[in-house]
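Visitor: need a structure here:
(chains A, B, C and D)
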Protein chains: 2
Amino acid sequence: MPTLDPVPRSTLRAHVAERLRAAILAGDVAPGAPLVETTLSQRFDVSRGPLREALRQLIEEGLLVTVPYTGTHVASLSVEDVHEIYSLRTALEVFAFEQVWERRDDRFRRELAHRNVALLATIDAGDDRASIASELELHGLVYEASGHKLLQRAWHGLRGRLQLYWAAHHRAHGRRGPRRDSHDSYIAAALGDDLAAMRLEIADHMRRGVEVTERFLRSLPAAAGREFNGVTKGDMR
Amino acid sequence: MPTLDPVPRSTLRAHVAERLRAAILAGDVAPGAPLVETTLSQRFDVSRGPLREALRQLIEEGLLVTVPYTGTHVASLSVEDVHEIYSLRTALEVFAFEQVWERRDDRFRRELAHRNVALLATIDAGDDRASIASELELHGLVYEASGHKLLQRAWHGLRGRLQLYWAAHHRAHGRRGPRRDSHDSYIAAALGDDLAAMRLEIADHMRRGVEVTERFLRSLPAAAGREFNGVTKGDMR
DNA sequence: CGATCGTCGATTGTCAACAATCGACCGGAA
DNA sequence: TTCCGGTCGATTGTTGACAATCGACGATCG
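Guide: Here you go, the predicted structure:
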């Protein structure tokens, strides 16, 4: 049954942005890697105009950084950035649950359970990339259910940076996907009736997320320092 | 004493974005008003390229909306949008104070007091525009003090929309600036030692902000409905 | 007279050439 | 050898022309 919603207007910049974003988040292009406009425009078979507009969008999303007349490269997150992502995400997700809490219905609960089993399936299949996507889908539910457009917008901004971080983590470290039991308490709290417990659970969940970063950093040679995303001075240029 | 920071690289798109944003937030161009690229590019004496990139940026900031091949106009906020702004702002400002709370020092307290007297001065001077700016400066302090870049980014996004709303409010209603005593309890709580009280104060402060909207809407003829920003069907096109 | 379809002006999307700027390289002088 | 200055290639910034698309107007047919 085809939907009869308005067909999305399509522009080159939108397609380019989508493709390029996917490439970055998939880790196909490393953090810190330079992006040359002429090269990219040839690769995508598009002129520099639409390409540049796509680049601006990804810059806004925090996936790229640019210096006028000098160049743009894939953003590389610092340790502080990762801490900021998780701390702000904690605040947003708590807020999202506060918005949704009294309006949770069967549809919400079923969807939550559904996304959880989907996550477990990708974990069991050993598919890292898919399990990361599934985890984001799971956490995304509460934002969708909130019906809060600005909140969703903020979440998308954070989600992009999170994916960038995970892609870099995966690239540099080889990542096992999330542990199989990592969301049990989260789901339980989200289905339960104790909002305060949910707040604590979110904070704890994020704390565990940050902990992975810390462990990862300690496992690196000390010289790697703060900018850990596989960037060495050599390949910045 | 001149600062020795790197001089900012300048591009046309940045200047255009700045000027256009200022014009919109000052209310010089009404919500819903169409923006024609060729007209604007002539007015600013730049070609359409940089202009378009500036437009894309303002779209990202939520100040403009666009439909491919059709046109772009100044965003007009709905009642729901205003509610979203204030509710999310509550969450963010609470989070900001949580981040700052234990690190408040004399410099923070002095700056807070300083911005408060600046606000009072603009109110006493009867300068609406300046008092709005002062109020934003006052609230902005905690975000700056947090040193949390992502949080500041989120605040900037909200602040732009807030200014857009206030500009529209001012345009349609004639706005008295904030009441002279509107921030007394806010300042007191921010200087005090009770974080829970600060949370309540922020929530209450925002509630009062939303209340102004509600009162404003009830004061309008019923026909004006949800899209209140001075937009009638006639001038959208 | 009303509805429908084609046409047309207006507007945005896209492109390829040109200008401005930057960082690196290289040569020379202290 | 080291530091300084100039030059040059590479890259982004900017421009004006061309193509695609849209909404409105008007003609035509029932």
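Visitor: residue A:159 falls within a helix, correct?
Guide: Yes: looking at residue A:159 with DSSP: H, G, I helix; E, B strand; the rest coil, it is inside a helix.
Visitor: grab the nearest non-local neighbour of it.
Guide: Once flanking residues are discounted, residue A:159 sits nearest to residue A:136: 6.0 Å by Cβ to Cβ, 6 or more residues apart in numbering or on different chains. In this view, the C-beta of every residue, glycine as well, is placed from N, C-alpha and C.
Visitor: hmm, the one you found is touching residue A:165, no?
Guide: No: applying Cβ atoms under 8 Å, one finds residue A:136 not in contact with residue A:165, separated by 12.0 Å.
Visitor: the more surrounded of the two?
Guide: Higher neighbour count among residue A:136 and residue A:165: residue A:165, with 22 against 16, using other Cβ atoms under 10 Å in any protein chain shown.
Visitor: now do the contacts for the more buried one.
Guide: Listed by Cβ atoms under 8 Å, 6 or more residues apart in numbering or on different chains, the contact partners of residue A:165 are A:77, A:81, A:82, A:85, A:213.
Visitor: burial count for the last one?
Guide: Right, residue A:213. Residue A:213: 18 neighbours (other Cβ under 10 Å).
Visitor: using CSV, list the CA coordinates for the helix or strand harbouring it.
Guide: Residue A:213 belongs to helix A:195-218 when elements are defined using DSSP states H and E. Taking C-alpha atoms only, helix A:195-218 is exported to CSV below (Å, rounded to 0.1, in the frame of the first residue of the first chain):
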residue,chain,number,x,y,z
LEU,A,195,10.2,8.3,36.9
ALA,A,196,12.9,9.0,39.4
ALA,A,197,14.3,5.6,38.8
MET,A,198,14.3,6.3,35.1
ARG,A,199,16.3,9.5,35.6
LEU,A,200,18.9,7.5,37.6
GLU,A,201,19.0,4.8,35.0
ILE,A,202,19.6,7.2,32.2
ALA,A,203,22.4,8.9,34.1
ASP,A,204,23.9,5.5,34.8
HIS,A,205,23.5,4.4,31.3
MET,A,206,25.4,7.4,30.0
ARG,A,207,28.0,7.0,32.7
ARG,A,208,28.7,3.5,31.4
GLY,A,209,29.0,5.0,27.9
VAL,A,210,31.6,7.5,29.0
GLU,A,211,33.4,4.8,30.8
VAL,A,212,34.0,3.0,27.6
THR,A,213,35.7,6.1,26.3
GLU,A,214,37.9,6.4,29.4
ARG,A,215,38.9,2.7,29.2
PHE,A,216,39.6,3.1,25.5
LEU,A,217,41.8,6.1,26.1
ARG,A,218,43.8,4.5,28.8
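Visitor: which other helices and strands does that helix contact?
Guide: helix A:79-100, helix A:149-173, helix A:184-191 (3 or more Cβ pairs under 8 Å, 6 or more residues apart in numbering or on different chains; DSSP states H and E).
Visitor: what about that helix, distance to the chain center?
Guide: Computed by Cα atoms, centre = their mean, to the nearest Å, the chain-centroid distance of helix A:195-218 equals 16 Å.
Visitor: please read off the pLDDT at residue A:220 from the model.
Guide: Note for residue A:220: predicted pLDDT of 58.
Visitor: repeat for residue A:171
Guide: Looking at residue A:171, its pLDDT reads 80.
Visitor: and it, how far from residue A:129?
Guide: Residue A:171 sits at a distance of 12 Å from residue A:129 (criterion: Cβ to Cβ, to the nearest Å).
Visitor: my guess is residue A:193 is in a helix, correct?
Guide: No: using three-state DSSP, the secondary structure at residue A:193 is coil, not a helix.
Visitor: and stretch A:9-20, what's buried?
Guide: A:12, A:13, A:14, A:16, A:17, A:20 (16 or more other Cβ atoms under 10 Å in any protein chain shown).
Visitor: how about the residues of chain A that lie near DNA strand D?
Guide: Counting by Cβ under 7 Å from any atom of the strand, the residues of chain A close to DNA strand D are A:9, A:34-38, A:48-49, A:52, A:66, A:68-72.
Visitor: where in chain A is pLDDT low?
Guide: Within chain A, the set of residues satisfying pLDDT under 70 comprises A:1-3, A:175-177, A:219-237.
Visitor: residue contacts, residue A:120?
Guide: residue A:180.
Visitor: and the helix or strand containing the residue nearest to residue A:159, how far from the chain's centre?
Guide: Element membership of residue A:136, judged by DSSP H and E, is helix A:128-146. Centre-to-centre, helix A:128-146 and its host chain are 9 Å apart (Cα atoms, centre = their mean).
Visitor: any idea how far residue B:202 is from residue A:93?
Guide: From residue A:93 to residue B:202 the distance is 19 Å (Cβ to Cβ).
Visitor: closest approach to DNA strand C from chain A, which residue is it?
Guide: residue A:12 (2.9 Å; Cβ to the nearest atom of the strand).
Visitor: ok, that residue - contacts?
Guide: A:46, A:50.
Visitor: spell out which parts of chain A neighbour chain B.
Guide: Residues of chain A lying close to chain B by Cβ under 8 Å from any Cβ of the partner chain are A:9-11, A:49, A:52-53, A:56-57, A:60, A:67-69, A:81, A:84-85, A:87-88, A:91-92, A:94-95, A:99, A:148-151, A:153-154, A:157-158, A:161.
Visitor: in PyMOL, select just the buried ones from those residues.
Guide: Buried subset of those, written as a PyMOL selection, criterion 16+ other Cβ under 10 Å:
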select buried, chain A and resi 52+53+56+57+60+81+84+85+87+88+91+92+94+95+99+148+150+151+153+154+157+158+161
